[in-house]
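Provide a 3D model corresponding to the input given below.
(chains A and B)
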Amino acid sequence: MSDEELDETVREHYEKHGLDATKRSAMVDQARKHGKGWSMERLILWVAVAAVLIFAIQAALRPSVVEAEPDFAAASGKIGPTVEPEPAPVREMEPRAEMLLLSRDSGTVNCGGVVRPFDQKMTLPLNPENLPTTCLVTIDGKRGVFHAMGDSKMRCDVDGDHVTCVETVTVPAPPGGTPILADPDFQPPEPTDTTGMTSSIGFGTASDGPIGDDDDNPLIKAAVTKYSGQLTYCYEKRLKDLPGLDGLIEVGWTINAGVVVDAPYILSNSTGDEELADCIASKIKRWKFPEDIEGDVSWPFVFRARQEQDQGETDEEIHRDTVKEVVQKNAGQLRWCYENNLRVNPPLSGKIEISWRLDDGQAMDLEIESDTLNDPELGKCLMKKIGTWQFPKDLTGRVSWPFVFQQD
Amino acid sequence: MTDAEIAELLDRGYRYALALTHDRPAAEDLLQDAWSGVLASGGTWTKPYLFRAIKNKWIDNHRRGELVQFDPLQDDIRTEAHTGDLAWDLDAALATLRPQEREALYLNAVEGWTAQELSERLDRPRNTILSLIHRARTKLKDLLTVASEVSP
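Numbering: from 1, shown residues only, chains lettered A, B, ... in the order given. From the prediction side, this is the model:
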């Protein structure tokens, strides 16, 4: 007998045996009573469905932390009298526009009363908040007028007895986008009322086009934003000696492998204060940029101070803006609390209002004023995080701040 | 899963239990215990899962000294094999095999598992599996040959 024959014999032997019909029926019934059968196919199906559901739920529950407008009317009485009316530095995040002016010859350009010389090529910084409507260009005693507009390139040439300026080039395409054609009929907006600001530094984009590729500009801007506090320091320091100091300082510097090489140079300084310009240049010299950035940068910074009484800004508003900055800066911590708590208590949505006392830059005596989330653990986590935040030390008093949590 | 599919699964489980125990009542009990365990644990109603449950239950019983089919004495089997009925002889011959040999032979010959699959599922070296199958076949051939020779 071969192995195959023996195996066949064994197979036939066992195939003849089957479970007793009664017992089999009873066991099938037992299975049915137990509920659904977990066949392998069904198991795989359910695992797949569960995975999709989990993914969808996670996507749906990805939270957003939204700050509600704080009710300072209610909290105004809590702001202590020790809040100094001294202007707190507020960074102006609005980028400034600029345009490129070209010519075959040298001359001067007068925009909004500011006369600047140019030698065949210059970058004209234009603050959107105070955009000049017209500029007068003078070349060899001949004059021409053009409308200045941001992010454009204007070429001016002598044409007979006049200087004719025409827009020649469109703005480079933004990353991933289509070119934006400058509108020849563009009318600059009226200067924005800057009441409400205390002192400010504005800064715009690099001149002469971005260094590297178009993506470098945001990187440079991010670095400039990061270090702008140093410039605020320079400015406020000079404000003590020169109240009312303001104007625009355009600084140029060269970046190599993310490091500022050589000393930054002052391209223009309408403040008239060399010390401020030197302070700024010395600060920029130490700035670090992403390592893959290199090239020349020119950057205009606007410094503006104003009389507090004239602006009509209240202590509460100063307080609010400053506190809001800190809240925004640390919103990620609150998001972490919220996301972390979602794991054990999903889903959460609502508003929690927390108050704290500012003392030497620290949040003290934190209390939950109201809570529609009804989640003590989340409240504890939020207060714990807020307790670690660093506020400007010159702010004191009590703050009440509502946080709204909702799912995207 | 339909009732017919469940019944087929249970029949296969029963045969496997029978291969382990070589005793019908014991196989039924073993299957019942294993099936209850599968249902209680929420396990999958699949052959590999059920076979694993049967094997685990059989090992548990083995450890307790219950339902263990010890190797019968060769002489007893040879006397039972005198009838000349091949089916009966085969059943008696299968009884002479060690449970591991019967299990390996059953899974290989009836369920069609290869030596490699057996090695992986029973967690034993492939050579050991081949050896078990070889010994089982050799014993069966010897016994069946004797039965055939002594029968009229």
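
how about low-confidence regions in chain B?
Low-confidence regions of chain B, defined here as pLDDT under 70, cover residues B:63-88, B:146-152.

now do the same contact list for the residue nearest the centre of chain B.
Note on chain B: the residue nearest the mean C-alpha position is B:Ala19, at 1.5 Å, using Cα atoms, centre = their mean. With contact set as Cβ atoms under 8 Å, 6 or more residues apart in numbering or on different chains, B:Ala19 has these partners: A:Tyr14, B:Arg102, B:Glu103, B:Leu105, B:Tyr106, B:Leu107, B:Val110. Placement of C-beta: from N, CA and C, glycine included.

interface residues of chain B facing chain A?
Selection of chain B residues close to chain A by Cβ under 8 Å from any Cβ of the partner chain yields B:1, B:3, B:6-7, B:10-11, B:13-15, B:18-19, B:24, B:28, B:31-32, B:35-36, B:39, B:42-46, B:86-87, B:90-91, B:94, B:105-106, B:108-110, B:137, B:140-141, B:144-145.

now the residues you listed: which count as buried?
Those of the residues of chain B next to chain A that meet the buried threshold are B:1, B:6-7, B:10-11, B:13-15, B:18-19, B:28, B:31-32, B:35-36, B:39, B:43-46, B:86, B:90-91, B:94, B:105-106, B:108-110, B:137, B:140-141, B:144, by 16 or more other Cβ atoms under 10 Å in any protein chain shown.

on contacts alone, who are the packing partners of the helix or strand that contains A:Thr9?
With elements delineated by DSSP states H and E, A:Thr9 resides in helix A:3-16, which encompasses its position. Judged by 3 or more Cβ pairs under 8 Å, 6 or more residues apart in numbering or on different chains; DSSP states H and E, helix A:3-16 is in contact with helix B:3-21, helix B:86-96, helix B:99-109, helix B:126-150.

whichever helix or strand comes after the third one vs helix B:99-109, what angle?
Per DSSP H and E, the first helix or strand lying C-terminal to helix B:99-109 is helix B:115-122. Taking axes from the mean of the first three to the mean of the last three Cα atoms, to 10 degrees, one finds that helix B:115-122 is oriented at 130 degrees with respect to helix B:99-109.

surely A:Val166 meets A:Met154?
Yes. A:Val166 lies in contact with A:Met154 (Cβ atoms under 8 Å); the separation is 7.2 Å.

quick one: which of these two has more around it?
Comparing A:Val166 with A:Met154 by neighbour count (other Cβ atoms under 10 Å in any protein chain shown), the higher total belongs to A:Met154, at 23 against 12.

help me confirm that that one is found in a strand?
Yes. Under DSSP: H, G, I helix; E, B strand; the rest coil, A:Met154 sits within a strand.

surely it touches A:Leu101?
Yes. Taking Cβ under 8 Å as the definition, A:Met154 is a contact partner of A:Leu101 at 5.4 Å.

hmm, who's touching stretch A:382-391?
Applying Cβ under 8 Å, 6+ apart, the contact partners of stretch A:382-391 are A:322-323, A:326, A:330, A:333-334, A:336-337, A:352, A:354, A:356, A:358, A:361-364, A:366, A:368, A:403.

ok now do A:Val222, which residues does it touch?
No Val there; residue A:222 is Ala. With contacts defined as Cβ under 8 Å, 6+ apart, A:Ala222 is in contact with no residue.

cutoff 10 Å now
Listed by Cβ atoms under 10 Å, 6 or more residues apart in numbering or on different chains, the contact partners of A:Ala222 are A:Phe289, A:Pro290.

secondary structure element for it, which one?
With secondary structure defined by DSSP H and E, A:Ala222 is part of helix A:216-241.

got it, and A:Arg304?
strand A:295-305.

and that strand, what's buried?
Neighbour-count burial for strand A:295-305 [16+ other Cβ under 10 Å]: A:Val297, A:Ser298, A:Trp299, A:Pro300, A:Phe301, A:Val302, A:Phe303, A:Arg304, A:Ala305.

verify the stated contact: B:Ser119 with B:Asn127.
Yes. Here B:Ser119 reaches B:Asn127: they are 8.5 Å apart, a contact under Cβ atoms under 10 Å.

related to what we said a few turns ago, now the helix holding A:Ala222: mean pLDDT?
When pLDDT is averaged over helix A:216-241, the result is 79.

what's the angle from that helix to strand A:295-305?
Following the same axes, to 10 degrees, one obtains 40 degrees for the angle between helix A:216-241 and strand A:295-305.

phi, psi for the residue nearest to A:Asn341 when sequence neighbours are not counted please.
Computed as Cβ to Cβ, 6 or more residues apart in numbering or on different chains, the closest residue to A:Asn341 that is not its neighbour in sequence is A:Leu378, at 4.6 Å. Dihedral angles phi and psi of A:Leu378 (degrees, to the nearest 10) take the values phi -60, psi -40.

how near is A:Leu378 to A:Arg398?
Distance check for A:Leu378 against A:Arg398: by Cβ to Cβ, to the nearest Å, it reads 22 Å.

pick out whichever of these two has more residues nearby.
Residue environment comparison for A:Leu378 versus A:Arg398 gives the larger neighbour count to A:Leu378, 24 against 17, counting by other Cβ under 10 Å.

I figured that one hits A:Phe405, correct?
Yes. Applying Cβ under 10 Å, one finds A:Leu378 in contact with A:Phe405, separated by 8.0 Å.

got any residues that touch both of those two?
Taking Cβ under 10 Å, 6+ apart as the contact criterion, the residues that touch both A:Leu378 and A:Phe405 are A:Leu334, A:Cys337, A:Tyr338, A:Asn341, A:Leu342, A:Leu348, A:Gly350, A:Ile352.

chain B: which of the residues you listed is nearest?
A:Leu342 (28.1 Å; Cβ to the nearest Cβ).

my guess is the closest one contacts A:Leu378. True?
Yes. The pair formed by A:Leu342 and A:Leu378 meets the contact definition of Cβ under 10 Å, at 9.3 Å.
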